[in-house]
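Trainee: sequence isn't available, so here's the structure alone:
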């Protein structure tokens, strides 16, 4: 071929690549615009939902209240990265609007700040249809897409027709008003346009480079020798029957090398065909040897079932190949304790089997020496690390059960976490460590758990949770946990057999990809009279909401409190009025701070009454203390719940579809400091609001 052909091919490739790039850029830009538009709409709707709930606490008839609301709207603009939020009143003729409250964000124009204030009136003729729809359909949100010389702007209108009365109930108001939230779509798209400009330049340069490189490769690689080699390869079988003639080798270029390779391949294939019969014979011999090795390996394992009056053990092991790298082991020690282990060697086949044989011997040895599980793994790891030229490693779980105390002591060297099937599924994750065989002198953690008769300890290798079906789907740890939860109260043998049957059903005839090993241990009676007590105490301190400094539980008080009240009554919403009266009695508190305190105490007390007790009646202690700050302390004996956790992200909060979370977010945004702890079976929540910050 001549060079002109390759130039034409390169130009065609360049044109095609550029057309594809252009199409991708157009589609990508449209998708980016659509995604940005939808994101802005969602942001506006979320912000509108927040403001709609927030303004219900304010009295639109009081200028002071509207000043406070405007400051709150400005704070929301800053947190939600929006330029404008405002509350509008529409006249009866629907020809003009009046700004009742307005908040400006960092991107708000100075012209808007100068022209629009509380009480500013504007004529609208005609009034936007979205604004009219919002007035006529309470509870819905309408988006106005405004395009003018200043760019594209999105405005969300919401009808506010509910208001909170003094009793804390939401009531219908006679004259609804509108909430407006704005965002500049042009500003959002400007950054995307800049990125697309840079991407366009880079794609054009990359397209030219690809076209040139493709032309060079085609020129150097495509020629008549390639066609000749292709023809000879396609007719190889026919030529073999008639006697293969070697290709002529001319020169030292790539095609000369290909000709040599073809000649070598033809010669080797001739030799391979002659050896097929010999290989088939050797295969039968090797299979017989593997069968013997598999029988020897299974002989190293303990029996599949073992029962004594104090306990029962049931196990199984199914190698993925003729021999495997999994093992299980158990042993009744001279002191009456029971040793058990499960392990998984990296890799499969003969090498893994030999490593497994050495591992099970060491486990038996150190268990008989009376070592604890952590000591067993330490010595076992040190021994396996010596002369490990193959670089194999083994994950191992070791446990020792004492029938006298009913304690199971265990240690884990990088293995799958076993479970205890009791009245609930308990993962044995208290002692974690690394796999054995790679690094010597490693220390291993040790933990213990008390078992009661009928509990079942289930140990397994990753061939269980990673079993695959015909669609290459995994059985998964989650599915295994669900299966085990359905086996509470079953015997060790029933647990193992049921999981095995479900694995076979799940696989559906798919080839086993890894060794599968399971062992279940179940104490069946109490071996002694020693009583073992268990207890748990968990205390958690959260960070403050305003300045992120940790609150001091034992802070020093500055003089006598200005106001102090303590309440002890059932968790009943009817007591809310008592708490509100107490807040109203606090002397010298600004009205906006008092309103914040009412919101905080309403939200927390309502949550305790509604969710703290599943149908039962509990007791709540509430303390109100005023010094240089107002401190609210809530103590209840309900179910454990930390309200400071999992607060919603306001930038992603879906007000229309998400249930709960917003009230807690507002409460902790209002508080200057807060903390939660669980002490002596009780929830203790502390909120602080500084007086000097108002």
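Mentor: Noted; the coordinates are in hand. Just so you know, these numbers come straight off a predicted model, no measurement behind them.
Trainee: ok, the nearest residue to residue 200 once chain neighbours are set aside - how many residues close by?
Mentor: Distance criterion CB to CB, 6 or more residues apart in numbering; nearest residue to residue 200, sequence neighbours excluded, is residue 25 at 6.1 Å. For the C-beta atoms, the positions are set from N, CA and C on the backbone; glycine is no exception. By other CB atoms under 10 Å, 14 other residues sit near residue 25.
Trainee: three-state assignment of residue 25?
Mentor: Of the three states, residue 25 takes helix under DSSP: H, G, I helix; E, B strand; the rest coil.
Trainee: residues contacting it?
Mentor: Counting by CB atoms under 8 Å, 6 or more residues apart in numbering, residue 25 makes contact with 196, 199, 200, 203.
Trainee: can you tell me which of those residues has the most neighbours?
Mentor: The most crowded member of these, judged by other CB under 10 Å, is residue 203 (17 neighbours).
Trainee: pretty sure that residue contacts residue 21?
Mentor: Yes: with contact defined as CB atoms under 8 Å, residue 203 counts as touching residue 21 (4.4 Å).
Trainee: shouldn't residue 685 be within a strand?
Mentor: Yes: counting by three-state DSSP, residue 685 is found in a strand.
Trainee: any idea which helix or strand carries the residue nearest to it when sequence neighbours are not counted?
Mentor: Spatially, and ignoring its direct neighbours in sequence, residue 685 is nearest to residue 634 (4.6 Å; CB to CB, 6+ apart). Using DSSP states H and E, residue 634 maps to strand 629-636.
Trainee: quick check: buried residues in that strand?
Mentor: Buried residues in strand 629-636, counted by 16 or more other CB atoms under 10 Å: 629, 630, 631, 632, 634, 635, 636.
Trainee: stretch 572-590 too?
Mentor: Within stretch 572-590, the residues scored as buried using 16+ other CB under 10 Å are 575, 576, 579, 580, 582, 583, 586, 589.
Trainee: got it, and stretch 390-397?
Mentor: So, applying 16+ other CB under 10 Å, buried residues of stretch 390-397: 392, 393, 394, 395, 396, 397.
Trainee: contacts only, for residue 132.
Mentor: With CB under 8 Å, 6+ apart, residue 132 has these contacts: residue 94.
Trainee: quick one: it is in a strand?
Mentor: No: assessed with three-state DSSP, residue 132 is helix; it does not lie in a strand.
Trainee: rewinding a little: the buried residues of strand 629-636: which two are farthest apart?
Mentor: Spanning the widest gap among those are 629 and 636, at 22.6 Å by CB to CB.
Trainee: can you pull the contacts of residue 176?
Mentor: Counting by CB under 8 Å, 6+ apart, residue 176 has contacts 135, 138, 159, 160, 161.
Trainee: next one: it from residue 646, what distance?
Mentor: Look at residue 176 and residue 646: by CB to CB, to the nearest Å, they are 34 Å apart.
Trainee: on that earlier part again, any idea which of the buried residues of strand 629-636 is closest to residue 98?
Mentor: For the buried residues of strand 629-636, the closest approach to residue 98 (CB to CB) belongs to residue 630, at 35.3 Å.
Trainee: ok, now which ones touch the closest one?
Mentor: Counting by CB under 8 Å, 6+ apart, residue 630 touches 586, 589, 593, 597, 624, 688, 689, 691.
Trainee: residue 138 now?
Mentor: Here residue 138 is in contact with 159, 161, 176 (CB under 8 Å, 6+ apart).
Trainee: now these in JSON lines, with pLDDT, secondary structure and distance to residue 609?
Mentor: Compiled in JSON lines, the contacts of residue 138 are given as follows (pLDDT from 0 to 100; DSSP: H, G, I helix; E, B strand; the rest coil; distance: CB to CB, whole Å):
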{"residue": "159", "pLDDT": "88", "secondary structure": "strand", "distance to residue 609": "31"}
{"residue": "161", "pLDDT": "76", "secondary structure": "strand", "distance to residue 609": "27"}
{"residue": "176", "pLDDT": "77", "secondary structure": "strand", "distance to residue 609": "31"}
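Trainee: distance to residue 93 for these - can I get that in a markdown table?
Mentor: Listed next are the contacts of residue 138 as a markdown table, based on distance: CB to CB, whole Å:
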| residue | distance to residue 93 |
| --- | --- |
| 159 | 18 |
| 161 | 20 |
| 176 | 16 |
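Trainee: which of these sits closest to residue 455?
Mentor: In terms of CB to CB, no member of the contacts of residue 138 lies closer to residue 455 than residue 161, at 58.4 Å.
Trainee: and the nearest residue to residue 583 once chain neighbours are set aside, backbone torsions?
Mentor: Of all residues not flanking residue 583 in the chain, residue 597 sits nearest, at 5.1 Å (CB to CB, 6+ apart). When read as degrees, to the nearest 10, the backbone of residue 597 gives phi -60, psi -40.
Trainee: gap between residue 597 and residue 206?
Mentor: Residue 597 is 62 Å from residue 206, by CB to CB.
Trainee: those two: which has the busier surroundings?
Mentor: Higher neighbour count among residue 597 and residue 206: residue 597, with 24 against 12, using other CB under 10 Å.
Trainee: please verify my assumption that that one contacts residue 589.
Mentor: Yes: using CB under 8 Å, residue 597 is in contact with residue 589, at 7.5 Å.
Trainee: hmm, back to that, who's the residue nearest to residue 685 bridged to?
Mentor: residue 622, residue 685 (DSSP bridges).
Trainee: let me see the contact set for it.
Mentor: Counting by CB under 8 Å, 6+ apart, residue 634 touches 604, 605, 608, 620, 621, 622, 683, 684, 685, 686.
Trainee: flag every buried residue along stretch 412-431.
Mentor: So, applying 16+ other CB under 10 Å, buried residues of stretch 412-431: 412, 413, 414, 415, 416, 418, 419, 420, 421, 422, 428, 431.
Trainee: wait, the fourth one sits on residue 395?
Mentor: Yes: proximity of residue 415 to residue 395 meets the contact threshold set by CB under 8 Å, at 4.0 Å.
Trainee: name the residues contacting each of those two.
Mentor: Common neighbours of residue 415 and residue 395 (CB under 8 Å, 6+ apart) are 343, 344, 435.
Trainee: for the nearest residue to the last one once chain neighbours are set aside, give me its contacts.
Mentor: What that stands for is residue 435. Of all residues not flanking residue 435 in the chain, residue 414 sits nearest, at 3.7 Å (CB to CB, 6+ apart). By CB under 8 Å, 6+ apart, residue 414 lies in contact with 393, 395, 396, 433, 434, 435, 436.
Trainee: if I look at the fourth one, how far off is residue 505?
Mentor: Applying CB to CB, the value for residue 433 to residue 505 is 34 Å.
Trainee: and what of the third one?
Mentor: Separation of residue 396 from residue 505 (CB to CB): 29 Å.
Trainee: again, but for residue 74
Mentor: Going from residue 74 to residue 505 by CB to CB gives 62 Å.
Trainee: more neighbours: these two, which one.
Mentor: Per other CB under 10 Å, whichever of residue 74 and residue 505 has more neighbours is residue 74, with 19 against 9.
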